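Asker: Attaching a predicted model along with its sequence, questions to come.
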Amino acid sequence: MPRLRSVLLLFGAVSAGAASTASGASPGSTYPVVDLHVDLPYQLGYHAKPLREGMGQASLSELRAGAVAGVVLPLFIPHDVSPTGPRKSDLEDSYLRVLGELFHGAGLALPGCGDGDSAGLRTWLSFEGAGPLADAPESLDAWVARGIRIVGLVHTEHNALASSSGDQHAVDYGLTEAGKVLVRRAHALGVAVDVSHASDRAVSNVLALAHETHGIVIATHSNARALCDHPRNLTDDQLRGIAATGGVVGLNFHSAFVVRGRAATLADVVRQALHLVKVAGIDHVAIGADFEGGIRPARGLENASHFPDLARALLSAGLGEAAVRKVFSENALRVLCRSGK
């Protein structure tokens, strides 16, 4: 697969710092993290926050302190960017803004599964709302070559691909015909389809297609609806369906998706993690904190530096070290790098 060869200008020391912190650490103190959803591109493009700083939840210093070894950066376009919603040109602009700040020169491969500079933060790109591709699914091929490894079909409003869990306007579809075409193309290209933000009907349609295509379905930043009854979360049947494709569910730290009626705590996030593991299985749970996405993080997980606290809490709750390593990075890497691309 073609690669963009580049040196990581902003984040170059992060995973080196993570590795040195983890080396010789006491059990539970630090494990490398791969986060499936870090909204730094949103902060860069729509709040003029430098990519290395964001709003402070996943800044360079916080990533280093939390031993974050890799991040998926979603290309997200707000629905109100134009009267007709996000356009192909908006995706292109977002991509160029991110790379303009992130990379310079030559050295590290994007996506972060190759043999690039091991001192750099491993980086992948995703779509959070791929509606602009509805009338040109063949263009996904070029985006995959640029580093897209996850295709999120929809955000908080229905679009030309799928209905959204966040849109209150009733529609009589889950996936549209264009959505089905794009899911098939994504799976043929070996990239995962993300159902975070999708409606229940759309999730059902995607899982049915995955049975046909043998493609992987994931939810990059969603929790269990059994513990927090919110349409953004997943039912136990949906969790099992995602696991059956070989996919993962990224544990979300946003208080409103962790527990209802009060501010969430670290202990509440641990309960979500244990439920996800119980229902989906230990090989199908990952991290999708949703930092920098305008979230209200659970108390005790205010920014990326607190990942070691989560590791210790999970160990105390009964997960072993091997299980924590799977949740923190290994499961995500299996999905992101399963094709060796």
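Answerer: Cool, got the structure.

Asker: Surely residue 34 is in a helix?
Answerer: No. Counting by DSSP: H, G, I helix; E, B strand; the rest coil, residue 34 is not found in a helix; it is strand.

Asker: Look up how far residue 297 lies from it.
Answerer: 18 Å (C-beta to C-beta, to the nearest Å). Any C-beta I mention is one placed from the backbone N, CA and C, and that applies to glycine too.

Asker: for residue 195, same thing?
Answerer: 23 Å.

Asker: again with residue 179
Answerer: The gap separating residue 179 from residue 297 is 31 Å, by C-beta to C-beta.

Asker: So the two - more neighbours on which side?
Answerer: Taking other C-beta atoms under 10 Å, residue 179 and residue 297 do not tie; residue 179 has more neighbours (28 against 23).

Asker: which SS class is the more buried one?
Answerer: At residue 179, secondary structure determined by three-state DSSP is helix.

Asker: ok, now which ones touch the residue nearest to it when sequence neighbours are not counted?
Answerer: Excluding the flanking residues, the one nearest residue 179 by C-beta to C-beta, 6 or more residues apart in numbering is residue 161, at 3.7 Å. Residue 161 makes contact with 130, 131, 133, 134, 153, 154, 175, 176, 178, 179, 182 under the criterion C-beta atoms under 8 Å, 6 or more residues apart in numbering.

Asker: Recalculate using a threshold of 7 Å.
Answerer: Residue 161 makes contacts with 130, 131, 134, 153, 154, 175, 176, 178, 179, 182, as judged by C-beta atoms under 7 Å, 6 or more residues apart in numbering.

Asker: Tell me the one of those nearest residue 201?
Answerer: residue 175 (8.2 Å; C-beta to C-beta).

Asker: So the closest one sits against residue 205, correct?
Answerer: Yes. If you go by C-beta atoms under 7 Å, residue 175 and residue 205 touch, sitting 4.0 Å apart.

Asker: can you give me the strands in the stretch 1-150 of the chain?
Answerer: Secondary structure of the stretch 1-150 of the chain (DSSP state E, counting those that start in this stretch): strands at 4-8, 33-35, 68-76, 103-110, 122-128, 148-152.

Asker: what pLDDT, on average, does the fifth one get?
Answerer: Averaged across strand 122-128, the pLDDT comes to 92.

Asker: Parallel or antiparallel, list what pairs with that strand.
Answerer: Its sheet considered, strand 122-128 pairs with strand 68-76 (parallel), strand 148-152 (parallel) by DSSP bridges.

Asker: so how far is stretch 223-232 from its chain's centroid?
Answerer: Here the centre of stretch 223-232 is set off from its chain's centre by 18 Å, with C-alpha atoms, centre = their mean, to the nearest Å.

Asker: residues in contact with that stretch?
Answerer: 165-166, 197, 222, 233-236, 239, 251-252, 256-260, 271-272, 275-276, 279.

Asker: Dump it to CSV, keeping only the CA atoms.
Answerer: Once non-C-alpha atoms are left out, stretch 223-232 reads as follows in CSV (Å, rounded to 0.1, in the frame of the first residue of the first chain):
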residue,chain,number,x,y,z
ASN,A,223,-20.0,2.3,26.0
ALA,A,224,-22.6,-0.2,27.1
ARG,A,225,-26.2,0.8,27.1
ALA,A,226,-27.0,-1.7,29.9
LEU,A,227,-25.1,0.5,32.3
CYS,A,228,-25.9,3.9,30.7
ASP,A,229,-29.1,4.0,28.7
HIS,A,230,-28.1,6.5,26.0
PRO,A,231,-28.7,6.0,22.3
ARG,A,232,-25.0,6.6,21.7
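
Asker: Pick out the shakiest of the strands paired with strand 122-128, pLDDT-wise.
Answerer: The lowest average pLDDT among the strands paired with strand 122-128, as it happens, falls on strand 68-76, at a mean of 92.

Asker: what does that one rub up against?
Answerer: 14-15, 18, 32-42, 91, 94-95, 98, 112, 121-129, 150, 152, 155, 220, 304, 307, 329.
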